[in-house]
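Asker: dropping a prediction and its sequence here:
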Amino acid sequence: MISPWPHSLPPRRRPVLLFVLSCLMANLCPTIAHVASSLDQQVFLFFNRDHGLPWLDSGWAVLSSLDFWMPFLILTGVLIAWFGGFRGRAMLACLLLSIGLMEGCLINPLKDIIGRQRPSHVLPQARRVDLAQASPRLLALAEPARVRPSKASAPRSRGNSLPSGHTSNMFCFATVLAIFYRWRGALFYIPASLVALSRIATGSHWPSDIVLSAIMSVLVTYGLVALYRWIWHRWAPGIVPKLASRHPRLIPPQ
């Protein structure tokens with residue numbers, strides 16, 4: 001049988017081919033990196049500065065503000081825990097565990113290891129957009145968004161731009177909802193994507209931060225939920241036998 005290329009090459013020519021391919025990749029990689037960086041910057045500036053719709057600043061600032069949404073998130077969690085039955089409570093437990101594990105064991109350590117600077121600390125053209133100062137935060141809706149210049153005049157040696165905590169948490173939320181509630185839960189990927197875009201528009205993250213954080217969050221969340229299901233199947237009958245007998249599966253069939 002004829003072996004496929006490049007194994008069909010004579011053994012003496014294989015090192016030559018590998019050397020040529022290595023040289024080609026060494027020359028292409030800097031070019032690819034430059035193009036990717038340039039595209040990253042162009043997309044960032046479009047959402048952050050060049051969209052030409054000043055009224056969007058307030059909307060992006062609202063989407064990006066965790067303080068603004070925290071009371072609504074807490075209320076929603078309480079309602080799900082109270083009225084959502086076993087499925088709702090199991091979903092909340094998986095969600096809180098996943099966010100806590102990712103924040104403590106993945107997101108924060110990666111921020112320190114990678115040290116990528118935020119665009120508002122690098123680009124002089126960048127803007128920092130935030131809600132107006134108000135307490136409670138809901139009152140900030142009555143004021144225009146705060147738009148401040150870049151901090152590029154005082155550059156830092158390291159930053160914490162990658163990964164994006166907001167994006168990771170929102171896509172974790174959407175993934176857990178999709179696992180527990182199928183297509184209805186998957187609809188939450190829409191607001192999760194809008195929050196991710198808001199992190200670009202407010203000057204907090206590069207577009208590549210958002211894409212990589214979303215992919216990482218979805219993959220890790222699926223892995224964690226699979227682990228929770230195995231733990232429930234393996235250990236729940238011995239720890240909470242009555243509850244496990246009523247709910248042999250962590251994720252009840254619909």
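Answerer: Perfect, I can see it now.
Asker: shaky segments in the stretch 1-150 of the chain?
Answerer: Counting by pLDDT under 70, the stretch 1-150 of the chain contains low-confidence ranges at 1-33, 52.
Asker: swap the cut-off to 50 and go again
Answerer: 1-6 (pLDDT under 50).
Asker: tell me where it has strands.
Answerer: Counting by DSSP state E, counting those that start in this stretch, the stretch 1-150 of the chain has strands at residues 127-130, 146-149.
Asker: out of those strands, which is the most enclosed?
Answerer: Compared across the strands of the stretch 1-150 of the chain, strand 127-130 shows the largest average neighbour count, a mean of 19 (mean count of other C-beta atoms under 10 Å). For glycine as for every other residue, the C-beta is placed from the backbone atoms N, C-alpha and C.
Asker: and that one, what does it pack against?
Answerer: helix 56-64, strand 146-149 (3 or more C-beta pairs under 8 Å, 6 or more residues apart in numbering; DSSP states H and E).
Asker: coming back round to it: tabulate the strands of the stretch 1-150 of the chain (a markdown table), appending distance to A90.
Answerer: A markdown table is the format used below for these (distance: least, C-beta to C-beta, whole Å):
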| stretch | distance to A90 |
| --- | --- |
| strand 127-130 | 36 |
| strand 146-149 | 40 |
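Asker: show me the contacts for A36.
Answerer: Contacts for A36 (C-beta atoms under 8 Å, 6 or more residues apart in numbering) come out as S208.
Asker: picking that back up, out of the helices and strands packed on strand 127-130, which comes closest to V218?
Answerer: Comparison of the helices and strands packed on strand 127-130 against V218 by C-beta to C-beta identifies helix 56-64 as nearest, at 19.6 Å.
Asker: what ranges do the helices span in the stretch 1-150 of the chain?
Answerer: Secondary structure of the stretch 1-150 of the chain by DSSP state H, counting those that start in this stretch: the helices cover 14-45, 56-64, 66-83, 85-102, 108-114.
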